[in-house]
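> Generate coordinates for the sequence data below:
(one chain, ligands or ions: 2)
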Amino acid sequence: MVPGSFALIGGDPGIGKSTLLLQATERLATSGDVLYVTAEESARQVKLRGERLGVAASGVLLLAETSLEAILERVRESRPAFLVIDSIQTIFTAALESAPGSVGQVRECANRLMQIAKVEGIPTFLVGHVTKDGAIAGPRMLEHMVDTVLYFEGDPGHPYRILRSVKNRFGSSNEIGVFEMRETGLSEVSNPSELFLAERPVGVPGSAVVPSIEGSRTILVELQALVSGSSFGTPRRTTMGVDHNRVALLVAVLEKKVGLSLLAQDIFVNVAGGVRLNEPAVDLGVLAALASSHTGRPIPERTILFGEVGLAGEVRAVSRPELRVREAARLGFDRCLLPMGNMKNLDRPPGMELIGVRSAEEVLDGVFAV
Ligand code: TYD
Ligand code: MG
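Ligands and ions are numbered 1, 2, ... in the order given. Predicted coordinates:
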């Protein structure tokens, strides 16, 4: 925690931002008083939730307030060691006539809070709801001014949540934390790969496992594809958790370079557990899952694959292959397809077969060759 640091925690409404901060304040309170401004829920509601979560209230000052001026006054008066504003979109300044949540209000309130954070040296957290319609300003417009941007992600239908740092002036960005939302609040998941693979269907076509690097961690995740009989008109392309454009590219590669006829098919790609994958290293997994679903041949249970695929169908090397292979071996995988360009000087964990591939065609030959 850096004095005066100004951090934004964004995420969909209901994803667990307040829960996360409430639990975090308990730890923060051991090193100084926390002023927790709740501008959405009453102090009573937050208190009840805190009690349910087993958050000890000592050192946490709850303030139910929406007026920026009143908040600033309280900050000056009580000089907390940490400040939490939940949320930036529900507080307003009397200096502007526009409604709370408007672009002008959000920007002005964030600016004034940043001033006090910097001048008084108070580490501050702003909660910002990701908004779908334009009436309320989203957290993105604050990204450039804050020191740290964290996004809390996850599918509300799943218990897993990922806290992802996308900007960090004081440390490495792109780090993630993985949590599970339980009855008793959020708990850290120390072994995310096991969790994400727990419900993987075995021996079923369309499922592939990939090692993805998020910050300094490697997590294994399951990618699922469903290629289903062509519909009339424009075929559907639905992707969740992976980039839509990359899936379109991989479909085109399978069509053109491998000769699978997919263009008229409905295609669905999903990352199990509601995880979002941002790196091209998962291309090989998407490719194999698509081919597997299309041909009805399952990918062998203990096979894993990673690598980027280019437009010519070539398989390109990716960063840190050794970490990916090691995590795969740790979780009992014994066969790994990876870019030929990553094979050089790569340590082979005991019991692991490494198969270097150069093209999309070689991927499919290799993946089903058992
Ligand atoms: P919340 O922190 O209020 O979300 P946000 O501040 O991002 O809008 O969390 C909302 C959801 O989390 C709520 O629908 C219920 C769930 N939840 C649990 O499952 N267990 C818990 O212990 C708590 C506090 C919340
Ligand atoms: Mg909330």
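> Just to check, G356 is in contact with P339?
Yes: with contacts counted by C-beta atoms under 8 Å, G356 reaches P339, the gap being 6.9 Å. Every C-beta, even on glycine, is put in place using the N, C-alpha and C of the backbone.
> more neighbours, these two?
P339 (24 against 19; other C-beta atoms under 10 Å).
> show me the contacts for that one.
306-308, 315-318, 321, 356-358 (C-beta atoms under 8 Å, 6 or more residues apart in numbering).
> at 7 Å instead, please
Contacts were defined as C-beta atoms under 7 Å, 6 or more residues apart in numbering; by that measure P339 touches 307, 315-318, 356-357.
> Select from those residues every entry located in strands.
Assigned to strands by DSSP state E, the following of these qualify: 315-316, 356-357.
> Out of those residues, the closest to E97 would be?
R316 (54.3 Å; C-beta to C-beta).
> what about that closest one, how many residues close to it?
17.
> what is it paired to in the beta sheet?
E308 (DSSP bridges).
> Surely it and L284 touch.
No: contact criterion C-beta atoms under 7 Å: R316 and L284 do not qualify, at 10.0 Å.
> Touching both of those two, which residues are there?
Contacts common to R316 and L284, judged by C-beta under 7 Å, 6+ apart, are G307.
> thinking again about what came up before, which of the contacts of P339 tops the neighbour count?
Going by other C-beta under 10 Å, G307 tops those with 30 neighbours.
> Name the residues that touch stretch 36-47?
22, 25, 60-66, 71, 84-87, 90-91.
> In terms of helix, strand or coil, where does the spatially closest residue to E327 that is not a sequence neighbour fall?
Leaving aside its sequence neighbours, E327 sits nearest to T218 (C-beta to C-beta, 6 or more residues apart in numbering; 4.1 Å). Put simply, T218 is strand when judged by DSSP: H, G, I helix; E, B strand; the rest coil.
> quick one: T218 from ligand 1, how far?
27 Å (C-beta to the nearest ligand atom, to the nearest Å).
> Would you mind measuring from that residue to G177?
15 Å (C-beta to C-beta, to the nearest Å).
> Same question for T239.
25 Å.
> Give me the helix or strand of the protein that scores worst on average pLDDT.
helix 192-197 (a mean of 88; mean pLDDT, DSSP states H and E).
> what residues does that helix touch?
Contacts for helix 192-197 (C-beta under 7 Å, 6+ apart): 160, 178, 189, 209, 219-222, 272-273, 275, 327, 331.
> Mind picking the lowest-pLDDT entry from these?
Within the contacts of helix 192-197, G273 has the lowest pLDDT, namely 82.
> For burial, what's the neighbour tally of that residue?
23.
> and the longest helix for the protein?
helix 103-120 (DSSP state H).
> And stretch 129-147, what's buried?
129-131, 136-139, 142-143, 146-147 (16 or more other C-beta atoms under 10 Å).
> got the contact list for whatever residue of the stretch 201-350 of the chain ends up closest to ligand 1?
Residue nearest to ligand 1 within the stretch 201-350 of the chain: G274 (14.0 Å; C-beta to the nearest ligand atom). Residues counted as contacts of G274 (C-beta under 7 Å, 6+ apart) are 154-155, 158, 160.
> any idea how far it is from G157?
Following C-beta to C-beta, the distance that separates G274 from G157 is 7 Å.
> for A360, same thing?
From A360 to G157 the distance is 33 Å (C-beta to C-beta).
> quick one on the thing from earlier: now tabulate the contacts of helix 192-197 in TSV and tack on secondary structure and distance to D365.
Listed next are the contacts of helix 192-197 as TSV, based on DSSP: H, G, I helix; E, B strand; the rest coil; distance: C-beta to C-beta, whole Å:
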residue	secondary structure	distance to D365
Y160	strand	34
V178	strand	35
V189	coil	36
V209	strand	19
I219	strand	27
L220	strand	23
V221	strand	24
E222	strand	22
A272	helix	26
G273	helix	30
V275	coil	29
E327	helix	25
L331	coil	25
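> contacting residues for T239?
Counted by C-beta under 7 Å, 6+ apart, T239 has contacts 247, 269.
> Quick check: beta-bridge partners of it?
Applying DSSP bridges, one finds that T239 bridges with V269.
> Helix, strand or coil: sort out the closest residue to S207 other than its chain neighbours for me.
Excluding the flanking residues, the one nearest S207 by C-beta to C-beta, 6+ apart is Q224, at 5.4 Å. Under three-state DSSP, Q224 falls in the strand class.
> show me what contacts I9?
Contacts of I9 (C-beta under 7 Å, 6+ apart): 17, 21, 125, 127, 150, 152.
> immediately after the host helix or strand of the fifth one, which helix or strand?
Assigned by DSSP states H and E, L150 belongs to strand 148-153. Scanning forward in sequence from strand 148-153, with DSSP H and E defining helices and strands, the next element found is strand 160-168.
> Could you check how far stretch 71-86 is from the centre of its chain?
30 Å (C-alpha atoms, centre = their mean, to the nearest Å).
> From one end of it to the other, what's the distance?
12 Å (C-alpha to C-alpha, to the nearest Å).
> Run through who's touching it.
So stretch 71-86 is contacted by 18, 21, 25, 28, 31-40, 61, 63, 65, 91, 112-113, 116-117, 122-127 (C-beta under 7 Å, 6+ apart).
> Which of these are buried? Put it as a ChimeraX command.
This is the ChimeraX syntax for the buried subset of these, where burial follows 16+ other C-beta under 10 Å:
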select :18,21,25,28,33,34,35,36,37,38,39,40,61,63,65,91,112,113,116,117,122,123,124,125,126,127
